[in-house]
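Q: Structure for this input, please:
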Amino acid sequence: MKRFFECLAVICFTVFTLLISLAGCSENGQKAENTVSSSPASSVSEEALQKTAAELAEIVLNSVKFPKTVKVTDKDTIDGIGIDLSLTEEYAVIQQMLSVDVVEIIIIRAKEENIEQVVDSLEKRKESLIRDFAYYPGQVESTEATVVGSKGNIAYLICHKDADKAEEELLKEIA
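A: This is a model prediction of the structure:
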């Protein structure tokens, strides 16, 4: 019996260590893969031009309580979301990890002439979230609260039940 409890303790310790290491792998804040444009946008502050899309997404993540999230970097997944990367200078896409919640943050620094097309793509993504991912009451609340907008050449989608509060914090940074 003593041997059984020793084995159980070793197994519990191993599982706990594995869970801790996996949680460390899910941290956000990685630098964006793409480059930031140095051309100024007339209605976006100079300070916002210095922030990457990933840094702006981090501001949104810290504005309200989000479940565990992961940065999406796979181009096929991003294409599946409906974003034409040829219209962008840089982007950050963050989605919920394993969760019953539906949350998503998309920040795009669009090429100046493409901002309307990018915003249209984000509106379609919002419709897709509502139509295809909202099965439970909490999911319906999050997807229906989704905000899409733009300022200068920065377009964004925030899917969260408190998306309006997160949008306020983002707009403070890009005003």
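
Q: Check which residues of the lengthiest strand in the chain are buried.
A: Assignment by DSSP state E gives strand 88-96 as the longest strand of the chain. Judged by neighbour count using 16 or more other CB atoms under 10 Å, the buried positions of strand 88-96 are 88-96. The way it works is simple: take the backbone N, C-alpha and C, and place the C-beta from them, glycine included.

Q: where does this protein dip in pLDDT?
A: 1-49 (pLDDT under 70).

Q: Which stretches in it count as helices?
A: 2-25, 46-50, 53-63, 75-81, 115-133, 137-144, 163-174 (DSSP state H).

Q: any idea how far the longest strand of the chain is from the chain center?
A: 6 Å (CA atoms, centre = their mean, to the nearest Å).

Q: again, but for stretch 58-70
A: With CA atoms, centre = their mean, you get 8 Å for stretch 58-70.

Q: In CSV, could you pull the C-alpha coordinates for it?
A: Provided in CSV are the C-alpha atoms of stretch 58-70 (Å, rounded to 0.1, in the frame of the first residue of the first chain):
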residue,chain,number,x,y,z
GLU,A,58,-1.6,42.8,-25.6
ILE,A,59,-3.2,46.1,-24.5
VAL,A,60,-6.6,44.6,-25.4
LEU,A,61,-5.8,41.4,-23.5
ASN,A,62,-4.9,43.4,-20.4
SER,A,63,-8.0,45.6,-20.5
VAL,A,64,-10.5,43.0,-19.4
LYS,A,65,-10.4,39.4,-18.1
PHE,A,66,-9.8,37.0,-20.9
PRO,A,67,-9.6,33.2,-20.6
LYS,A,68,-6.3,31.5,-21.6
THR,A,69,-5.4,32.6,-25.1
VAL,A,70,-2.9,31.6,-27.8
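
Q: What are the contacting residues of it?
A: Identification of contacts with stretch 58-70 by CB atoms under 8 Å, 6 or more residues apart in numbering yields 23, 26, 28-29, 51, 94-99, 101, 103, 105, 107, 156, 158, 160, 162, 165-166, 168-170, 173.

Q: what's around the residue nearest to residue 117 when sequence neighbours are not counted, how many residues?
A: Leaving aside its sequence neighbours, residue 117 sits nearest to residue 87 (CB to CB, 6 or more residues apart in numbering; 5.6 Å). Residue 87: 18 surrounding residues under other CB atoms under 10 Å.

Q: Could you do residue 85 as well?
A: Neighbours around residue 85, by other CB under 10 Å: 13.
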